[in-house]
Each structure stands twice: as C-alpha cells, then as structure tokens.
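Visitor: fold the following and give me the result.
(3 chains)
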Amino acid sequence: MLYFQQMLGIAVFSITGVLAIKKADVDLFGAVVLGIITAIGGGTIRDLLLDLPIFWIADFNYIWVALFAALLAFFCTQRLQRRYRILLYLDGLAAALFGLSATEKVLALQLAAPLAVMMGVLTSIGGGIVRDVLAGRVSLLMSREIYATPILLGCTLYVLLRDVFPTIWVAGWIALVFTFGLRFLAIYKHLQMPAIFSTRQG
Amino acid sequence: MLYFQQMLGIAVFSITGVLAIKKADVDLFGAVVLGIITAIGGGTIRDLLLDLPIFWIADFNYIWVALFAALLAFFCTQRLQRRYRILLYLDGLAAALFGLSATEKVLALQLAAPLAVMMGVLTSIGGGIVRDVLAGRVSLLMSREIYATPILLGCTLYVLLRDVFPTIWVAGWIALVFTFGLRFLAIYKHLQMPAIFSTRQG
Amino acid sequence: MLYFQQMLGIAVFSITGVLAIKKADVDLFGAVVLGIITAIGGGTIRDLLLDLPIFWIADFNYIWVALFAALLAFFCTQRLQRRYRILLYLDGLAAALFGLSATEKVLALQLAAPLAVMMGVLTSIGGGIVRDVLAGRVSLLMSREIYATPILLGCTLYVLLRDVFPTIWVAGWIALVFTFGLRFLAIYKHLQMPAIFSTRQG
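Guide: Next up is the predicted model:
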C-alpha cells in the first residue's frame, strides 16, 4: 500500500520535474534525466548521508516508474500543462508523503528525532533543488514560495504525535493532512512568506 | 592496457575541462580544480552510489594525471586550442571508453544490466556536468548537443552483445566503435537532436 | 578544546554563509539552510568520500550550533554587517582551522599525505562552494580572490612539518599562523592572483 503510494509520488515528481524545465530548450535526454533526478534525488542524498543502500539500486522499479512518467510528460506536455493546477496539488501531496515516510524511515533506524525531521525535509525537497541547479534555474531555497516550511512543520508534528498515539498510522494521517493542508492553502491563496521571515523590504 | 587507456582518458577529460572554462576569468587554482573534477567527477558519483571505495582514493595516480594535464592545459591553452577539434574527438573517445568500462565494472559486480547502463552514462557525463554547474555554465543536459545519447545507445548495445559473444573484448570493441562513431558523426556533421526529441518548436 | 574551536568555526561559517546571500530575496528557511550548508558542506563531502560516518550525524550539536548562528545572522543582519570586516577575518581563521584539522583527521587514518591535503582544502572550501551553487552565485572557483591557495599551501606545510616536529601541536600552530597570515594579507591588502596564474589578460 505504502509502496504503491511511493511509486505514485515518484511518478508525480518526475512529471512535474519535466514540466518545470520543459519551456527551456532541452532535448529528450536532458528532460528525462532531470525528471528522474527530481523524483529520486532527495531520497538518494538521504541514503548516501545515512550510509544506507540507495533505494533505487535496491529496487530498480523506482527508476522505471520515473522514466515512464518523464517520457509521458515529455510527449504529452500540452495536455498535462492544461492540468497544471491539479499537478501542483498532487506535487504537494507527494512532497508531504515523501517527507513523512522518510522521517519514519529514519526513526525506525533508532536515530534521533531532529535528524529524522531534517532527513524528511531533505528527501522531500532535495530532488527539486538538484534539478533546479542542473537546469540553471533559481532553486526554491532562493524563493519566497511556501513549499518547504509545511513539510518542516508536518514532519515535526509527526515526531511529536508518534509518541502520543498508539499506532504510527494515526500520527501519520494527521501529519499528512496537516502538511498537505498548509501547502494546499499556500497554492490556493497564493501565499508567500511573511515579510518578517524574508529579506525583501519595502 | 586498460589502465593505461583510462589514465589517458582522465588526462583528456582534464584538458578539455580546463579549456572549456578557460575563456572565463578563472585563476590557476579554479582551473585545475575544475579540470580534475571534469576528469574524476562521474566515476566518483558512481562509486558513491554503489558504495564502492572511490577509485582515486584507492589509487591516487588518477589525481596526479588529472592534475598534470590540467596544469598543461592552463599554461599551454593557446597551443591546445589550435588543436581543439582533435581534442573534441579525443574527448568523445574518452567518454565512450569511460562509459563502457563503467558498464562492465557494474556488470562484474553481478548487478542488473539497466543499472549498469545508467552507471555507464553517469560515469561518462557526470564530471562534465558537475564542472558546468560549478562554473556557472549551461550544462549539456540543457543543450541539444548529441553527447550523451551515443553513450546511452553504446552501453545498451554492449550489455546486449556481451551475452552473445564468448569474450567481453569483442563486445567491447564493437560497442566502442559504434559509440565513438555516433559521436564522431555528431561532431563532424554538426548534428543536433531531431526536433521531435527536443522542445524548441518552429 | 579543539571541539570548542570547531564549534566556533561552524558558527562563523554559518553566519558568513547567511550574510553572503542575505542581500538576495531569500526567506528564513532558505537562509538558514544555506547557512547550515556553508558550515557543514565541506566536511560532509569529505566524510562521504572517505566512507566515514557523517560528523554531524554522529554528533548533532554541529547542526544546532549552525542553526542557531544562522538564525542570529538572519535576524541581526544589520548589526553583523557593520562588523563584516571582523567576520571576514574570522572566516579566514575558521577556514584555516577546518583545513588543518581535516588534514590531521585524514593523516590519522594512515592515508597518504597528498590525499590529506586535498581533503583539507575540500573541507575548508566545499561548504561555501555548495552554498554558492545553490544560491546561483559565482563560486570562488571562478574568482581571483585568494581564498583557497593559502589553505592549500598551509595544509601542505603542515604535512611537511608534522614529520619534523615531535608533537603535532607545534606543526599545527605554525601552519595555522602561516595559513591565516596569508589570508589576512590577502584581505588587508586586497590582493588578487598574479596575472600569470589567471586568465584575464591585458
């Protein structure tokens, strides 16, 4: 069940990854590589840092799903872009799911909660940042879009709730609704970081 | 024999790496670092992902060769640039060699063929991409140059032929001729990706 | 004692990291992430390459110190920028300290001296380079600022002196004074790389 959700998340990330760079003058090879990197980049860095086997080397299906989704996005760009708003929400859902499942993965290794939250956020946003760097785009670290903050808060909420509730599923669902809810609001209301938390003055 | 070829490949990559950024306002330290990164970057990422000892930590001669070649390129830029076309072909040959030998290295670890092809391509183009990112240049992922596709096709051909032929050398030579042949044509005829495989329209 | 110095170095790197990108339109999340990356990036790459446990996963206090320093830099930017010159010297001192202690760390693993010097330089400048790439800034590899060269020379001096002097502390102090002295001169006299070592002609 979780496996199926993660594959769906990989596909969504790969599609939004390709769409994000598709306006530029990029060929099939570059688009597919950047789509796959968007999908698997964050988890790859997490596994490298924790000295775990890279998840897509252990199970190559992740690459096939990301590859297929990237090809789809490359050849059906127009049709997908008309549904861009839905994709944006799906991307927020996938980011929340990735963040929370990575947090749980690290906690299950008996590592400390702050590290788990950090790895959750990294897993969630790492792939998109690597894609932006490779594509020469301004990464979300340099923007005021509210993308990472909901994941940071949601993963923190998860580690707190996990001690309270008897099963991790309850904590997981509450944190997922909270994380995605914040991101949903940010997209829906076009929210940006409050001025006190950003450097743009006046 | 293969060792000698790889050292030559390292030297060629390091030289073209320095020449690629030499027009910019870069000093000796930056040029040498970027040359070395071009030469060893792809193999380093491969070894990190596969959790192998980094090849140049196990044998520091790779660094010495890359360092010497980068120094040569820095101080003899003009002379080398007059031979830039020959260097471009040599770079294509080194890229083919790196891709195929990395593919074989992964197959020899009993890992799956698709992963081997992926690592072959990564080893071949990874260093140049890291150099471009560090130098603030547009990386080949965002161009329509036919650089990576021959390697992708060549490494795929290699894993197919390797099951057919009794010795890996026959498969290796056929794949090398095929890979370099495609790249040679691309340079010689100034080929670009066909429009259907790229996003530039009209 | 060395532990305390390293924590101070982490804090200084994190503060200068935030100040370096603070003029851009960056929010609290991006600034803090980039500050932490400046502080821990170099050592992280070193530990990945040497297949050691990442130092801040083994001891999360490094992250807390970097986080606190980054928050301080974000909210007290103006006050700190008035002391920017002092921070620049402190940054040079922290860079020297990081380079030399990383060199010693690698030598203590019985690895070769050239590798130790390389890892010393990487530890010292790696974080700032990753920050610049993520922030879309021109990295120091592409500038003529004299930042890395003193560290390269200082770490080389250290491995030479280490064989001469009975205790590593004497070698360490001499190398530290030498490294920081060069960097101090470069800042104080606004030195740039001599023309013969750089590509800008005329």
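Visitor: as CSV, could you dump the C-alpha coordinates of the host helix or strand of A:Ile125?
Guide: Using DSSP states H and E, A:Ile125 sits within helix A:113-134. Taking C-alpha atoms only, helix A:113-134 is exported to CSV below (Å, rounded to 0.1, in the frame of the first residue of the first chain):
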residue,chain,number,x,y,z
ALA,A,113,14.0,12.9,16.1
PRO,A,114,15.7,16.2,14.9
LEU,A,115,17.8,14.2,12.4
ALA,A,116,14.6,12.4,11.2
VAL,A,117,12.9,15.7,10.6
MET,A,118,15.9,17.1,8.8
MET,A,119,16.1,14.0,6.6
GLY,A,120,12.3,14.2,5.9
VAL,A,121,12.6,17.7,4.6
LEU,A,122,15.8,16.8,2.6
THR,A,123,14.1,13.8,1.0
SER,A,124,11.1,16.0,0.1
ILE,A,125,12.8,19.0,-1.5
GLY,A,126,16.3,17.6,-2.4
GLY,A,127,15.3,16.3,-5.8
GLY,A,128,13.7,19.5,-7.0
ILE,A,129,16.7,21.6,-5.8
VAL,A,130,19.2,19.4,-7.6
ARG,A,131,17.1,19.6,-10.8
ASP,A,132,17.0,23.4,-10.5
VAL,A,133,20.8,23.6,-10.0
LEU,A,134,21.4,21.3,-13.0
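Visitor: in whichever helix or strand comes after that helix, which residues are buried?
Guide: For helix A:113-134, the following helix or strand on the C-terminal side (DSSP H and E) is helix A:148-164. Neighbour counts over helix A:148-164 (16 or more other C-beta atoms under 10 Å in any protein chain shown) mark A:148-159, A:161-162 as buried. No exception for glycine: its C-beta is placed from N, CA and C like everyone else's.
Visitor: ok, A:Gln185 to A:Leu153 distance?
Guide: Not quite, residue A:185 is Leu, not Gln. 12 Å (C-beta to C-beta, to the nearest Å).
Visitor: for the helix holding A:Ile125, name the packing helices and strands.
Guide: helix A:2-21, helix A:28-49, helix A:84-108, helix A:148-164, helix B:113-134, helix C:113-134 (3 or more C-beta pairs under 8 Å, 6 or more residues apart in numbering or on different chains; DSSP states H and E).
Visitor: got TSV for these, with distance to A:Leu67 and mean pLDDT too?
Guide: Below are these laid out as TSV (distance: least, C-beta to C-beta, whole Å; pLDDT from 0 to 100):
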stretch	distance to A:Leu67	mean pLDDT
helix A:2-21	8	89
helix A:28-49	6	95
helix A:84-108	17	91
helix A:148-164	26	94
helix B:113-134	9	95
helix C:113-134	26	95
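Visitor: between these, which one is closest to C:Leu71.
Guide: Across the helices and strands packed on helix A:113-134, C:Leu71 has its closest neighbour in helix A:148-164 (13.8 Å, C-beta to C-beta).
Visitor: keeping just the C-alphas, turn that closest one into CSV.
Guide: The C-alpha coordinates for helix A:148-164 follow below in CSV (Å, rounded to 0.1, in the frame of the first residue of the first chain):
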residue,chain,number,x,y,z
ALA,A,148,9.5,23.5,2.4
THR,A,149,8.0,25.1,5.5
PRO,A,150,4.8,23.0,5.6
ILE,A,151,7.0,19.9,5.3
LEU,A,152,9.3,21.0,8.1
LEU,A,153,6.3,21.7,10.4
GLY,A,154,4.5,18.5,9.3
CYS,A,155,7.5,16.2,10.0
THR,A,156,8.0,17.9,13.4
LEU,A,157,4.3,17.4,14.2
TYR,A,158,4.7,13.7,13.2
VAL,A,159,7.6,13.0,15.6
LEU,A,160,5.6,14.7,18.4
LEU,A,161,2.4,12.8,17.7
ARG,A,162,4.2,9.5,17.2
ASP,A,163,4.9,9.3,20.9
VAL,A,164,1.3,10.2,21.8
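Visitor: please name every helix or strand in contact with that helix.
Guide: Using 3+ C-beta pairs under 8 Å, 6+ apart, helix A:148-164 sits against helix A:84-108, helix A:113-134, helix A:168-188, helix C:28-49.
Visitor: tilt between it and helix A:84-108?
Guide: 40 degrees (axes from the mean of the first three to the mean of the last three C-alpha atoms, to 10 degrees).
Visitor: ok, residues contacting helix A:148-164?
Guide: A:92, A:95-96, A:99-100, A:103-104, A:107, A:113, A:116-117, A:120-121, A:124-125, A:140, A:168, A:170-172, A:174-176, A:178-180, A:182-183, A:186, A:193, C:29, C:33 (C-beta atoms under 8 Å, 6 or more residues apart in numbering or on different chains).
Visitor: give me the buried subset of those residues.
Guide: Using 16+ other C-beta under 10 Å, the buried ones in the contacts of helix A:148-164 are A:92, A:95-96, A:99-100, A:103-104, A:107, A:113, A:116-117, A:120-121, A:124-125, A:140, A:168, A:171-172, A:174-176, A:178-180, A:182-183, A:186, A:193, C:29, C:33.
Visitor: relative to chain B, how far out is A:Val26?
Guide: Noted for A:Val26: a distance of 5 Å to chain B, by C-beta to the nearest C-beta, to the nearest Å.
Visitor: and that residue, how many residues sit next to it?
Guide: Using other C-beta atoms under 10 Å in any protein chain shown, A:Val26 has 24 other residues around it.
Visitor: wait, doesn't it sit right on A:Val32?
Guide: No: counting by C-beta atoms under 8 Å, A:Val26 sits too far from A:Val32 to count as a contact (9.7 Å).
Visitor: spell out which parts of chain A neighbour chain C.
Guide: Contact residues (C-beta under 8 Å from any C-beta of the partner chain) of chain A with chain C: A:48-51, A:111-112, A:114-115, A:118, A:129, A:133, A:138-144, A:148-149, A:152, A:193, A:197-200.
Visitor: any of these buried? List them.
Guide: By neighbour count, with 16+ other C-beta under 10 Å, the residues of chain A next to chain C hold A:48-50, A:115, A:118, A:129, A:133, A:139-144, A:148-149, A:152, A:193, A:198-199 as buried.
Visitor: how far away is the closest residue to A:Ile125 other than its chain neighbours from A:Leu88?
Guide: In this structure, A:Ile125 finds its nearest non-sequential neighbour in A:Ala148, 5.1 Å apart by C-beta to C-beta, 6 or more residues apart in numbering or on different chains. Plainly put, A:Ala148 is 15 Å away from A:Leu88 if you go by C-beta to C-beta.
Visitor: ditto for A:Gly30
Guide: 23 Å.
Visitor: the more surrounded of these two?
Guide: A:Gly30 (27 against 16).
Visitor: residues touching the closest residue to the more buried one other than its chain neighbours, list them.
Guide: For A:Gly30, ignoring the flanking residues on the chain, the nearest one in space by C-beta to C-beta, 6+ apart is B:Leu141 at 4.0 Å. When contacts are counted by C-beta under 8 Å, 6+ apart, B:Leu141 touches A:Val26, A:Phe29, A:Gly30, A:Val33, A:Leu34, A:Leu134, A:Ala135, B:Ile129.
Visitor: how about the residues of chain A near chain B?
Guide: Near chain B, when you scan chain A using C-beta under 8 Å from any C-beta, you find A:21-31, A:33-34, A:44, A:48, A:51, A:53-54, A:57, A:60, A:63, A:77, A:133-136.
Visitor: picking up where we left off before, ok, the contacts of B:Leu141 vs chain C, which is closest?
Guide: Distance to chain C across the contacts of B:Leu141 (C-beta to the nearest C-beta) is lowest for A:Leu134, with 10.1 Å.
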